[in-house]
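J.: Build me a structure from this.
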Amino acid sequence: RLSAEVEQAGRLLATVLGQDLDQGEDGVFRIARKVAKDRVISTVDPEARHGRKTVSRSFDGYKGHIAEDPDSEIITATKVTPGNIGDAESAAELLADILAPEQA
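T.: Residues are numbered from 1 along each chain as shown. This next block holds a predicted model:
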């Protein structure tokens, strides 16, 4: 039996190695010719991801999202997401308190 820490480290190592391998029809593993969809980029911070600002400008880590009341300019909500999450995915949650009175 492995301790929880060793088991967690083993799973992370398997994830990092496995995302760069494909198993061929003959059962042999080869280097993948693709990029894993939700690629783990760090063993120190496994939640960090590759992100893009533009086609030519990328970053590693996280995105910070802020909702602001346009009239008072008060920040009403914040959220941090992995770098590969689109801005629109967190928008509904950030705007929920602003949209709620209109929907009621």
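J.: For the spatially most central residue of the chain, name its beta-bridge partners.
T.: Centroid check for the chain by Cα atoms, centre = their mean gives Pro82 as the closest residue, at 3.1 Å. Taking DSSP bridges as the rule, Pro82 bridges to Tyr62.
J.: residues contacting it?
T.: 47-49, 51, 62-63 (Cβ atoms under 8 Å, 6 or more residues apart in numbering). (C-beta placed from N, C-alpha, C; glycine too.)
J.: likewise Ile85?
T.: 49, 63.
J.: can you confirm it is in a helix?
T.: No. Counting by DSSP: H, G, I helix; E, B strand; the rest coil, Ile85 is not part of a helix but coil.
J.: Let me see the domain layout of this structure.
T.: 1-36, 44-103 (the TED database).
J.: Just send those domains back as JSON lines, with mean pLDDT too.
T.: Formatted as JSON lines, those follow (pLDDT from 0 to 100):
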{"stretch": "domain 1-36", "mean pLDDT": "89"}
{"stretch": "domain 44-103", "mean pLDDT": "86"}
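J.: Please indicate which of those domains has the most neighbours on average?
T.: domain 44-103 (a mean of 12; mean count of other Cβ atoms under 10 Å).
J.: what's the helix ranked longest in the chain packed up against?
T.: In terms of residue count, the longest helix belonging to the chain (DSSP state H) is helix 4-18. If you count contacts as 3 or more Cβ pairs under 8 Å, 6 or more residues apart in numbering; DSSP states H and E, helix 4-18 packs onto no helix or strand.
J.: which residues sit against that helix?
T.: Under Cβ under 8 Å, 6+ apart, the answer for helix 4-18 is 2, 40, 43, 46.
J.: For the very next helix or strand once past it, give me every contacting residue.
T.: Per DSSP states H and E, the first helix or strand lying C-terminal to helix 4-18 is strand 21-23. The contact list for strand 21-23, computed with Cβ under 8 Å, 6+ apart, reads 29-34.
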